[in-house]
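Visitor: 3D model of this:
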Amino acid sequence: MKIAIINGPNLNLLGRRDPEHYGTASMEQVLTALQRRRPDVYFTYYQSNHEGDLIDRLQATLMQDEQTPLYDGIILNAGGYSHTSVALRDAVELCTVPVVEVHISNIYAREPFRRTSLLTDVCAHSIIGHGTSGYEEAVVWIEQYLRNNNT
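Guide: All right, here's what the predicted structure looks like:
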């Protein structure tokens, strides 16, 4: 199985930025632990602070050819763009594989402007407020989704 993990703005500072909301583990530590627990999964990782770069990356994950997706699923933590980017929402909507939205913090318990995600209704699933373990939960969800939809 191949899963693309795509992170948005400020997640390059995970482990250093606002640890009471996002924890103390760096994304490198999260990815290392995830790969150790899931050696059967091929992960690619991409992070950008730029909206257009995230859209380009989502579009690049679409299809190898007309029949074959490049990935089995996408885990997307769009950070602050979740609340503001219609363009990113449109890019997610074009994805032909399941996209799981992950938010490390509970956006519903945060400032009012963070409580709405423009991505939720175009993602196959959302994991919100489970800390960095949300990434592994997303992998489990994608595995179950593929198992249930490929029989």
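Visitor: drop to CA atoms for contacts and neighbour counts, all remaining ones
Guide: Noted.
Visitor: Show me which residues of stretch 75-84 are buried.
Guide: Buried residues in stretch 75-84, defined by neighbour count with 16 or more other Cα atoms under 10 Å: 75-84.
Visitor: cool, stretch 8-20 as well?
Guide: Buried, per 16+ other Cα under 10 Å, within stretch 8-20: 8-9, 11-12, 14-15.
Visitor: Please apply the same query to stretch 144-151.
Guide: For stretch 144-151, by 16+ other Cα under 10 Å, it's Leu146.
Visitor: for stretch 105-112, same thing?
Guide: For stretch 105-112, by 16+ other Cα under 10 Å, it's 105-107.
Visitor: Give me the contact list for it.
Guide: Stretch 105-112 is contacted by residues 21-22, 114-116, 128-131 when judged by Cα atoms under 8 Å, 6 or more residues apart in numbering.
Visitor: again with stretch 127-134
Guide: Applying Cα under 8 Å, 6+ apart, the set of residues contacting stretch 127-134 is 22-23, 25, 30, 100-107, 137-138.
Visitor: switch the cut-off to 10 Å
Guide: Here stretch 127-134 makes contact (Cα atoms under 10 Å, 6 or more residues apart in numbering) with 14, 21-27, 30-31, 34, 75, 77, 100-109, 120, 126, 135, 137-138, 140-141.
Visitor: So for the contacts of stretch 105-112, which is the shakiest by pLDDT?
Guide: Minimum pLDDT across the contacts of stretch 105-112 is recorded for His21, with 78.
Visitor: my guess is Val97 meets Gln59, correct?
Guide: No. Val97 is beyond contact range of Gln59, at 11.6 Å (criterion: Cα atoms under 10 Å).
Visitor: So for those two, which sits in the more crowded spot?
Guide: Val97 (21 against 14; other Cα atoms under 10 Å).
Visitor: show me the contacts for the closest residue to the more buried one other than its chain neighbours.
Guide: Closest residue to Val97 apart from its sequence neighbours, by Cα to Cα, 6 or more residues apart in numbering: Gly73 at 5.3 Å. By Cα under 10 Å, 6+ apart, the residues touching Gly73 are 1-5, 61, 95-100, 124, 138-139, 141-143, 145-146.
Visitor: Out of the contacts of stretch 127-134, list just those in strands.
Guide: 75, 77, 100-103, 126 (DSSP state E).
Visitor: got CSV for those, with distance to His50 and pLDDT too?
Guide: Listed next are the ones in strands among the contacts of stretch 127-134 as CSV, based on distance: Cα to Cα, whole Å; pLDDT from 0 to 100:
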residue, distance to His50, pLDDT
Ile75, 17, 98
Asn77, 13, 98
Val100, 20, 98
Glu101, 18, 98
Val102, 18, 98
His103, 18, 96
Ser126, 22, 98
